[in-house]
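**Q** Have a look at this prediction, sequence included:
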Amino acid sequence: MLFNKIAYNQPTSIDLINRAEGYQNTLRGNNRVNTQAALARKLGISKARLTQIMNLLKLAPEIKSYIRKLDDQELLHFFNEKRLRPIASIQDEKTQIIEFKKIKKACRGVFRSKIARN
């Protein structure tokens, strides 16, 4: 299988989207942390890394919903942050969905039976 050599110790896209939503709530709440820079310092990560995670919130709701419904670990790791970040940088949701469908189509050969279920 294509992904046998990959260590799955990285957070999934679902994990990162959930973190981003939590970070967003923290920034919107009545906390002492009211900027991304302050939150990044508190979390012990760079502001650039925090921005990368937060940008996943820019994914179209349809894409986030699809990712959240995945229950297969290999598929979750296929649709990883590295593949989703360029899509999240597209401002138009329809174009995001078109690009996401291209990724889904590209992975069908590897995960033929798994993609059909999702």
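**A** The structure has been received and is ready for your questions.

**Q** average pLDDT for the one helix or strand N25 maps to?
**A** If you go by DSSP states H and E, N25 is part of helix 13-28. For helix 13-28, the mean per-residue pLDDT is 94.

**Q** now stretch 101-118
**A** Mean pLDDT, computed over stretch 101-118, is 71.

**Q** before we move on, the earlier item: which strands or helices does the following helix or strand past the helix holding N25 pack on?
**A** Note on helix 13-28: by DSSP H and E, the next helix or strand toward the C-terminus is helix 36-43. Here helix 36-43 touches helix 13-28, helix 47-55, going by 3 or more C-beta pairs under 8 Å, 6 or more residues apart in numbering; DSSP states H and E. Placement of C-beta: from N, CA and C, glycine included.

**Q** Let me know which of those helices is the nearest to I63.
**A** Closest to I63 of those, according to C-beta to C-beta: helix 13-28, at 9.5 Å.

**Q** and the closest one, which residues are buried?
**A** Applying a neighbour-count criterion of 16 or more other C-beta atoms under 10 Å, one finds 13, 16-17, 19-20, 23, 27 buried in helix 13-28.

**Q** residues making contact with it?
**A** 11, 33-36, 39, 43, 50, 53-54, 56-57, 59, 64, 67-68, 70, 76, 79-81, 84 (C-beta atoms under 8 Å, 6 or more residues apart in numbering).
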